[in-house]
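Q: The following comprises the amino acid sequence and a computationally predicted model.
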Amino acid sequence: MNIDAEAIADEERLLADGQKWILKKQSVSPLNINQIFDACGVPESPAACVVDVDGMDYWCILAILQKRQPSLLICEYNCHYTSIFTRMALVFRSLLRLSDFNYADS
């Protein structure tokens, strides 16, 4: 499927139960994902969070978990990262000022 990115516009709809559905055309990164969520009114404890950012999923998840605690978290991952992954982790860790908090224990 070929989707014309220029044809996609921001859109808001009210669902049958009164909840708001928001489609935004945004460039997403770990450095701005929480600002985008804030602007869209995403709560601190959403029922579900699905991340598919093509290459930045892991980093966006780390950023999201610094501010939000979704009940269900779904994302892609690549188990074939090499040692460059470790070096990138250190760079993003310092940029995001990540703690050593273990989310699996919470």
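A: Yes, it's here. This structure is a prediction, so every number in the text was calculated from the model and none was measured.
Q: In CSV, please show the C-alpha coordinates belonging to stretch 60-75.
A: C-alpha atoms of stretch 60-75 as CSV (Å, rounded to 0.1, in the frame of the first residue of the first chain):
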residue,chain,number,x,y,z
CYS,A,60,10.5,5.6,22.5
ILE,A,61,9.3,3.0,25.0
LEU,A,62,12.1,4.0,27.4
ALA,A,63,11.0,7.6,27.1
ILE,A,64,7.3,6.8,27.5
LEU,A,65,8.0,4.7,30.7
GLN,A,66,9.7,7.7,32.3
LYS,A,67,6.4,9.5,32.4
ARG,A,68,3.6,6.9,31.9
GLN,A,69,2.7,3.5,33.2
PRO,A,70,0.4,1.7,30.6
SER,A,71,-1.4,-1.4,31.7
LEU,A,72,-0.5,-3.0,28.3
LEU,A,73,2.5,-2.2,26.3
ILE,A,74,3.0,-3.5,22.8
CYS,A,75,6.1,-2.8,20.6
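Q: Could I get the buried residue list for it?
A: Buried residues in stretch 60-75, defined by neighbour count with 16 or more other CB atoms under 10 Å: 60-66, 68, 70, 73. The C-beta positions use only the backbone N, C-alpha and C, and glycine is treated the same way.
Q: where along the protein do the helices fall?
A: 33-39, 57-67, 84-96 (DSSP state H).
Q: For the ones you listed, which has the smallest mean pLDDT value?
A: When the helices of the chain are compared by mean pLDDT, helix 84-96 comes last with a mean of 60.
Q: quick one: Leu15 and Ile22 touch, right?
A: No: Leu15 lies out of contact with Ile22 (CB atoms under 8 Å); the separation is 10.9 Å.
Q: Please identify which of these two sits among more neighbours.
A: Neighbour count, other CB atoms under 10 Å: between Leu15 and Ile22, Ile22 has more, with 13 against 8.
Q: Report the beta-bridge partners for that one.
A: Glu12 (DSSP bridges).
Q: OK, contacts around it?
A: 10-12, 40-41 (CB atoms under 8 Å, 6 or more residues apart in numbering).
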